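[1] Based on what follows, work out the 3D shape:
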Amino acid sequence: MARRKQSEPVATDLCVYRDRGLYVPGLDCWLDSSKPRRRGFISHAHTDHYAAHETIFCTPETADMLALVKPFEEELPPIRPLYLGRTIEHGDLQVTLLPSGHILGAAMMHVTRGGESLLYSGDVRPSGSATTPPAQVVPADHLIVEDTFGALDEEFVGAEEGAARVVEFCRKCRARNRTPILVTTSNCGKAQEMVVALGQAGLAVALQSKIWHFTRLYERHGIPVSGYTRLRKDEWPDADAVIVTRAYLEHDDLTDRVPRPTYALVSGWAASDEANDFDAAIPWSDHASREELLAFIEAVNPRLVWTFAGEGHLLPELRAAGRDAVHLEAC
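    Here you go, the predicted model:
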């Protein structure tokens, strides 16, 4: 099978890779473009997937959260909500959004025309979690998938085990008269999964401001978060545990406000050398692990796989399995 050079543009009739982004000509729409476009689909409410497109397409849950994702000084562009599981006709295209299992409101886009199909998964976690349903896997001729953790060989723990380990870490810290600090990488997704787990265990948790705002939105969408309060500056938190992002710790290590802090990294990156910077590490991610990605790709069974993000580490295995695969330099 002939291999494309990584620098070559790649395309199907349904999606084109151009200008370092993914474009669906039949919809005149870009997929998770980092550049502002005329029309853009945003798969989920993480900062690295947001751009101020002239018109945004996303799920209603993502739309609610984008007000917290956009830069403070910017106006939120017009949003056209699309609902999970509802197929829309656009010319000769059929478009359906499917749950990706990543975070609340996160969606994959399935596009069909005639006998050809494309699945854009973006960030995917096949198993889902307490805050989002599992990914709905459908067959597709072409698959575009984010390869964030393709370079890591270690398996992640599942949502149930991850929750149990977070609760165990907090209880052990409290038993030693220490304050557990749970460190995550983003303000929404894993943080709210931890809030659910701690609330169900009867543990109160203080959240950095941005996480607190997202958690309130999760609650308004029916996610069973409880027992959380806002972590305020110059105020001793009345809580059994604290949740902050790694970025937060760059300007506030909490040592002046929290008695005897003990830090646990709760992230897929806890399966890497980054875990060495913390007292404990729990490899619980809202992304698929390398093995989960490979299993997901097998289930979709595409003729062609495009990967993006990461460094293209899945390509050798995909090609060894007889799949045509290309890693896209940027999207």
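[2] show me where the stretch 101-250 of the chain has helices.
    159-175, 190-200, 209-220, 246-249 (DSSP state H, counting those that start in this stretch).
[3] mind showing which ranges of the stretch 151-300 of the chain have poor pLDDT?
    Scanning the stretch 151-300 of the chain for pLDDT under 70 picks out nothing.
[4] where do the strands sit along it?
    179-184, 205-207, 228-230, 241-245, 261-266, 280-282 (DSSP state E, counting those that start in this stretch).
[5] related to what we said a few turns ago, deepest-packed of the helices of the stretch 101-250 of the chain, please.
    Most buried of those by mean neighbour count (mean count of other C-beta atoms under 10 Å) is helix 190-200; its value is a mean of 25. Every C-beta, even on glycine, is put in place using the N, C-alpha and C of the backbone.
[6] Using CSV, list the CA coordinates for that one.
    Extracted in CSV, the C-alpha atoms of helix 190-200 (Å, rounded to 0.1, in the frame of the first residue of the first chain):
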residue,chain,number,x,y,z
LYS,A,190,-12.1,15.4,35.2
ALA,A,191,-12.6,18.0,37.9
GLN,A,192,-16.4,17.5,38.0
GLU,A,193,-16.0,13.8,37.9
MET,A,194,-13.9,14.1,41.1
VAL,A,195,-16.5,16.4,42.6
VAL,A,196,-19.2,13.7,42.0
ALA,A,197,-17.0,11.0,43.5
LEU,A,198,-16.1,13.0,46.6
GLY,A,199,-19.7,14.2,47.1
GLN,A,200,-20.9,10.6,47.0
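[7] And the contacts of it?
    With C-beta atoms under 8 Å, 6 or more residues apart in numbering as the test, helix 190-200 has contacts from 104, 129-131, 159, 162-164, 166-167, 170, 182, 184, 204-205, 207, 211, 214-215, 218, 223-228, 240-241, 243, 245, 266-267, 284-286.
[8] What separation is there between D279 and P133?
    According to C-beta to C-beta, to the nearest Å, D279 stands 33 Å off from P133.
[9] Include distance to R20 when you put the helices of the stretch 101-250 of the chain into a markdown table, please.
    Below are the helices of the stretch 101-250 of the chain laid out as a markdown table (distance: least, C-beta to C-beta, whole Å):
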| stretch | distance to R20 |
| --- | --- |
| helix 159-175 | 33 |
| helix 190-200 | 28 |
| helix 209-220 | 29 |
| helix 246-249 | 25 |
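[10] surely L304 meets L143?
    Yes. Counting by C-beta atoms under 8 Å, L304 does reach L143; the two are 7.4 Å apart.
[11] Settle it for me: which of these two has more neighbours?
    Using other C-beta atoms under 10 Å, the more surrounded residue of L304 and L143 is L143, with 24 against 17.
[12] dump the residue contacts of that one.
    So L143 contacts L118, L119, S121, I297, V300, P302, L304, V305, W306 (C-beta under 8 Å, 6+ apart).
[13] what's the closest non-adjacent residue to T62?
    G105 (4.0 Å; C-beta to C-beta, 6 or more residues apart in numbering).
[14] Quick check, R39 in contact with G26.
    No. Counting by C-beta under 8 Å, R39 sits too far from G26 to count as a contact (11.8 Å).
[15] which residues are common contacts for the two?
    Joint contacts of R39 and G26 (C-beta under 8 Å, 6+ apart) do not exist.
[16] coming back round to it: out of the contacts of L143, the closest to R178 would be?
    S121 (39.9 Å; C-beta to C-beta).
[17] circling back: go through the contacts of L143 and name the one nearest I88.
    Top of the list for closeness to I88, among these and by C-beta to C-beta, is L118 at 15.0 Å.
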